[in-house]
Each structure stands twice: as C-alpha cells, then as structure tokens.
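>>> predicted structure and sequence below. I'll ask about it afterward.
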Amino acid sequence: MAANIYDGNLNIEIPTLVIKKRDYENIGAFKASGIEYTNNFNSANELSFTVHKSVVDDERI
C-alpha cells in the first residue's frame with residue numbers, strides 16, 4: 001500500500017478513490033476512509049473501505 005499523504009498541518013489526508021473501466025475511462029470518484037488491503041496468496045486480493053455520504057450546498061458528494 002502507498003505511504004500516507006500529509007497536509008500542511010501534518011494531518012493525514014483522506015485519499016480519493018477513482019473507479020475506472022478496463023480501458024481506463026473514469027466511471028466516478030469518491031473519498032474513502034478505513035482503507036484496508038489484504039494480500040492473499042492463493043486467491044484474489046481484497047480491498048475494503050468505508051464511504052460516507054454527505055450533502056454540501058444541495059449537491060451530493
């Protein structure tokens with residue numbers, strides 16, 4: 001997993017995850033927290049995370 005990214009106040013920034021198609025066309029993006037990556041040797045690797053829904057200026061993020 002990549003190293004943490006810090007802002008100017010040394011707080012960890014919440015990463016933005018981007019969903020793409022196989023041809024790298026963007027489907028969408030969202031902020032996620034609680035990201036956990038599990039490397040499995042005999043089966044598919046697992047990426048789990050939490051997404052929070054919020055409303056800002058009548059626009060859903």
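Perfect, thanks for sending it.
>>> and the spatially closest residue to residue 40 that is not a sequence neighbour, what's its pLDDT?
Nearest non-adjacent residue to residue 40, counting by Cβ to Cβ, 6 or more residues apart in numbering: residue 46, 6.7 Å away. C-beta: built from backbone N, CA, C; applies to glycine. You'll see residue 46 listed with a pLDDT of 91.
>>> now swap in residue 36 and tell me
Note on residue 36: pLDDT of 86.
>>> and the residue nearest to residue 40, how many neighbours?
Other residues within reach of residue 46, judged by other Cβ atoms under 10 Å, total 10.
>>> surely residue 32 touches residue 18?
No: the criterion here is Cβ atoms under 8 Å, and residue 32 misses it with residue 18 at 10.7 Å.
>>> between the two, who's got more neighbours?
Per other Cβ under 10 Å, whichever of residue 32 and residue 18 has more neighbours is residue 32, with 15 against 11.
>>> where's the nearest residue to that one once chain neighbours are set aside, which helix or strand?
Spatial nearest neighbour of residue 32, chain neighbours left out: residue 49 (4.0 Å); criterion: Cβ to Cβ, 6+ apart. Using DSSP states H and E, residue 49 sits in strand 46-50.
>>> for that strand, packing partners?
Here strand 46-50 touches strand 33-38, going by 3 or more Cβ pairs under 8 Å, 6 or more residues apart in numbering; DSSP states H and E.
>>> hey, C-alpha coordinates of the strand it packs on in PDB?
C-alpha atoms of strand 33-38 as PDB (Å, rounded to 0.1, in the frame of the first residue of the first chain):
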ATOM      1  CA  SER A  33     -11.600   6.100   4.900                       C
ATOM      2  CA  GLY A  34     -10.700   3.000   6.900                       C
ATOM      3  CA  ILE A  35      -8.900   1.500   3.900                       C
ATOM      4  CA  GLU A  36      -7.600  -2.000   4.400                       C
ATOM      5  CA  TYR A  37      -5.700  -4.100   1.900                       C
ATOM      6  CA  THR A  38      -5.300  -7.900   2.300                       C
END
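>>> what lines up beside it in the sheet?
When pairing is defined by DSSP bridges, strand 33-38 lines up against strand 46-50 (antiparallel).
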